[in-house]
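>>> Quick check, what structure comes out for this input:
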Amino acid sequence: MRLLEMILKKLGNVRSLREAKQIQAQMLMTGLHQDAFCLCATKLVCVFLMQGSLEDARLVLDKMPISLPPPSSNSISNTWIWTAVMRSYAEKGLWQKAMEVFQQMQRYGIQPDKSSIPSVLKACAGLRGLQQGREIHGYVVANGFLFFDADVLVGNALVSMYAKSGLTDVARHVFDKMPQRNVVSWNSVLAGYTHNGEAYKALQLFKQMESECKPDSITVVALLSSCASLRALRTGEEIQGYAVRNHLESDVFVGNALVDIYAKNDRLGFALRVFERMSVRNRVSWNTMIGAYVQNDHGEEALQLFREMELACIKPDSISISCLLPACGLLGDLQLGRVIHGYTIKSGLDKNVVVGNALIHMYAKCATPEFAHQVFDNMPHRDVVSWNAIIGGFVLCGHYVESLQLFNDMNLLGMKPNSITIASVLPACSCLGALKQGKAIHNYLLRNEHVFEIFVTNALIDMYVKCGIIEDACQLFENISQRDVVSWNVIVGCTLTRRNYRTSWNFCQMRLDGVKPDSITIANSLTACARTEALKQGKEVHCYLIINGFELYVSVENALIDMYAKCGSLEDATHVFNRMSQKTVISWNTMIGAYGMHGFGEAALGLFYEMQHNNVNPDYITFIGVLSACSHAGLAKQGLEIFYCMSKQYGITPTVEHYACIVDLLGRAGQLDDAQHIIDKMPVEPDASVWGALLGACRIYHNIELGKCAAEHLFELEPENTGNYALLANIYAAAGNWYFATDIRTIMKSKGLKKSPGRSWIEVKNKVHVFLVGDQRHPQSKEIYAALKSLTVQMEAAGYTPDTNFVLFDVENEDKDHNLLVHSEKLAIVFGLMNTSCGIPIRISKNLRVCGDCHNASKIISRIVTREIIVRDPHRFHYFKDGVCSCGDYW
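Predicted structure coming up:
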């Protein structure tokens, strides 16, 4: 008895783990009686638990006899000691260990009581062991643990377990049946709603809670989290007011939640104000504010705050690093990213999967996929987020083939893709035009009955659009029950891939569906109008964006300039440009290109020098625009001067596009030998655009030999391009070499190549009318030809003579005259005169360059009918007014 008292006394005075282990050794050596040993062992378990040595406690527990004597005033119940070990495991998040202790209790016949239930339910929630949780729920009901006021802890644990398992309805049912509830009960349900995406239910429950129970700081945190997920800033401000009135705002967790809600609602200033007023900040506070800066694209401020965090002696954890690394990616600061990577290695955080994923993302953002892959390969553990990061990173860096291979590897290794994976890999299929792989992914989703989340469906639509399968894209779009703005942006983008006249309808229908367009919608719609030359629809979009304040977006204003320029309204384009409060290099480039396209080379040059005066540095696209403008306006000298100072004065090395522009410039000016010399001296291999520019010049100046040389290169580079064969045949035909012209056409026929016919089209009353040469399919054909005959008489009286040099077939002169008169452009002009009011410009578009005879005829017609005629061909605009063309007969 004296030995037992001595050991118990020593156990009561233990101050270190070492002392506890020494007493344990003494117990084993003294050979205590079973009852005495059990009593000491029970006490020793408690000591080990207090010293934080769970494993030692578990070892002692495992060696204790299964049966203990009934507890006395000096002993501890058997159930209690097992519960204590289980609770300790659960509190440390060691769910599996806690469950093992519970299962061992069951095997030994030790019945859990109401103090055991919360711990085992907590373990079930952590392990997602819903079935075990339900069994324990049954045990709880059978033993009446829910029908006594003292058992509110059991009810709270059940509510929490179901809520964390995603069964919020069941959690609410248990909550509603509880005879007694405290603030923890309410908070458990609120947290369950918040974490399971049912934030609106949490806010509804809060109204009921106020009349039954006083909310605490944990309540406020749950509600603020709900408001953050719903972007319900006004409600969040009301809850903040409640927290202030009840003196809860000083709570660090409430402060963190306030920073988070303001950050997620783009109120960074308010978030910073809350952060700076916090009297106490923990690591989460700093992490939240750093994350807020990154969410709002303030990378430098995020990095500065991280430095302040270190000065405040707050040691960064894995969350700190994962919040900070995106700032490096945002700034493209690879050097700093690598320094942080080094820090993670020294601190051992690089083994953390969250940090590894953030490193992959950072390296991808810094355009170093090789480093991203290295991090991925060295990760000891990868989750689906890791695969998503590396696949998305490779797509971001343009390594589309590699991203598809990684997706295949992911499947082979048994890692199941989620919605983010699918949405990450589909853009690779889009960019590669890999329809087969895209369809395979689509079929995978269907086979596995995958839930088609909206962003996945949007990615599928985009893939089909970019692969040219518009019908499938439209079908997917029509099947979406709740379309978001991205869905509409993608389908509006269909008009960017092909000539599609539903742009205006899509834009209007989107608003009728209650989806508010964003800046991307506006820019895409304007770009679609530009490509389809839909000026009227473009003006409608312009009206909408003015009313809704989208003029503040530079990208929208740039798209407006481009739309007006490509729809032939240079005056409107200039007006938009001049009114811009902020101009980027893209703005200047777009306007320079507009002037060049319309033949105003001097204006383009003036803008080129003005942008530099405004401290905007030209880029390589600027020079393409300026050189092209000089080419169209015949400013060969000025163009050459700019070309030769590109690298010396501006540090921009000319690319093949710039060489194509300079060859076109010299060729149009008749300096064919100089153009050939430029090609011979090119530091890069000439491509089809270079040889095509030379061939076009040879057609203008009837240089057969040089044209033949250029064509031979083009036949090798673009064997399927019928335009190159047709152009060489036209050079021979213009020179009267009908034999060689016919020979080229015979070669085309033998290769199965067919030249696209010349087409002209005009839009009247929202309908596009297309004409071919000699076209008689139009419903108004008889009236058109009658009006054309009458107009021809007036034209001849005004001095028009058909230029038969532009008839490229060996026929009689009378047939040549007739062929010229029924060119598609003339038919479109006559149709426009018949179906539009006086004073309204006639706007014609063509798929081929304007021929010389139609050019002369259009000048004369504009003088006879006193109407402005605007013709757009693939390269430029011609403005015919009062018998003069804006190009000055240089095109």
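>>> all strands of the chain, in order?
Using DSSP state E, the strands of the chain run over 759-764, 767-772, 842-846, 869-872, 877-881, 884-885.
>>> mind listing what Phe306 touches?
Contacts for Phe306 were tallied using Cβ atoms under 8 Å, 6 or more residues apart in numbering; they are Trp286, Ile290, Pro316, Ser320, Leu324, Ala327. Placement of C-beta: from N, CA and C, glycine included.
>>> Just the ones in helices from those, please.
Trp286, Ile290, Ser320, Leu324, Ala327 (DSSP state H).
>>> mind putting those in CSV, distance to Asn737 and neighbour count included?
Shown next, in CSV, are the ones in helices among the contacts of Phe306 (distance: Cβ to Cβ, whole Å; neighbours: other Cβ atoms under 10 Å):
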residue, distance to Asn737, neighbour count
Trp286, 81, 25
Ile290, 74, 28
Ser320, 77, 22
Leu324, 72, 27
Ala327, 67, 27
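>>> So what's the residue count around Ala428?
When neighbours are counted by other Cβ atoms under 10 Å, Ala428 registers 27.
>>> give me every residue that touches the nearest residue to it once chain neighbours are set aside.
Closest residue to Ala428 apart from its sequence neighbours, by Cβ to Cβ, 6 or more residues apart in numbering: Tyr400 at 4.0 Å. Taking Cβ under 8 Å, 6+ apart, we find Tyr400 in contact with Phe394, Ala428, Cys429, Cys431, Leu432, Ala434.
>>> For the residues you listed, which single residue is the most surrounded?
Among the contacts of Tyr400, Cys429 has the most neighbours (other Cβ under 10 Å), with 29 neighbours.
>>> check contacts around that one.
Under the criterion of Cβ under 8 Å, 6+ apart, the neighbours of Cys429 are Tyr400, Leu404, Leu435, Gln437, Gly438, Ile441, Met463, Cys467.
>>> burial of Ser211, as a residue count?
6.
>>> and it, how far is that from Gly155?
According to Cβ to Cβ, to the nearest Å, Ser211 and Gly155 sit 20 Å apart.
>>> now do Gly752
Taken as Cβ to Cβ, the span from Gly752 to Gly155 is 80 Å.
>>> re earlier: of all the strands of the chain, which one is nearest Met99?
Closest to Met99 of these, according to Cβ to Cβ: strand 767-772, at 70.5 Å.
>>> quick one, that closest one and strand 759-764 angle?
On the basis of axes from the mean of the first three to the mean of the last three Cα atoms, to 10 degrees, strand 767-772 is oriented at 160 degrees to strand 759-764.
>>> Now do strand 767-772, average pLDDT.
Mean pLDDT, computed over strand 767-772, is 92.
>>> the inter-axis angle of that strand versus strand 842-846?
On the basis of the same axes, to 10 degrees, strand 767-772 is oriented at 50 degrees to strand 842-846.
>>> May I have strand 767-772 exported as PDB, CA atoms only?
C-alpha atoms of strand 767-772 as PDB (Å, rounded to 0.1, in the frame of the first residue of the first chain):
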ATOM      1  CA  LYS A 767     -30.100  41.700 -95.000                       C
ATOM      2  CA  VAL A 768     -26.900  41.000 -96.800                       C
ATOM      3  CA  HIS A 769     -27.100  40.700-100.600                       C
ATOM      4  CA  VAL A 770     -24.200  38.900-102.400                       C
ATOM      5  CA  PHE A 771     -23.400  39.200-106.100                       C
ATOM      6  CA  LEU A 772     -21.100  37.200-108.400                       C
END
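>>> Figure out how far it is from the centre of its chain.
The chain centroid and the centroid of strand 767-772 are separated by 37 Å under Cα atoms, centre = their mean, to the nearest Å.
>>> go on, stretch 223-234?
24 Å.
>>> The chain should start at 18 in everything you say after this.
Will do, 18 is the new start, and the previous item becomes stretch 240-251.
>>> And the contacts of that stretch?
Residues outside stretch 240-251 that contact it (Cβ under 8 Å, 6+ apart): 207, 210-211, 214, 216-217, 219-220, 223, 232, 252-253, 256-257, 271, 274-275, 277-279, 281-282, 284.
>>> Can you say which of those residues are buried?
Among the contacts of stretch 240-251, the ones that count as buried by 16 or more other Cβ atoms under 10 Å are 207, 210-211, 216, 219-220, 223, 232, 252-253, 256-257, 271, 274-275, 277-279, 281-282, 284.
>>> Looking at those, which are in helices?
Those of the buried ones among the contacts of stretch 240-251 lying in helices (DSSP H): 207, 210-211, 216, 219-220, 223, 252-253, 256-257, 271, 274-275, 277-279, 281.
>>> in this structure, which ranges drop under the pLDDT threshold?
Low-confidence segments of the chain, defined by pLDDT under 70: 18-26, 30, 41, 43-54, 56, 81-94, 162-167, 468, 510-523, 821-836.
>>> run the last query once more with 50
Residues of the chain that meet the criterion pLDDT under 50 lie in 84-93, 165-167, 516-518, 825-834.
>>> Which parts of the stretch 668-817 of the chain are helices?
All helices of the stretch 668-817 of the chain, identified by DSSP state H, counting those that start in this stretch, fall at 673-685, 689-697, 705-718, 721-734, 739-751, 755-767, 798-814.
>>> actually the stretch 68-217 of the chain, not the one I typed
Using DSSP H, counting those that start in this stretch, the helices of the stretch 68-217 of the chain run over residues 71-80, 95-108, 112-124, 134-144, 147-159, 169-181, 185-194, 200-212, 216-227.
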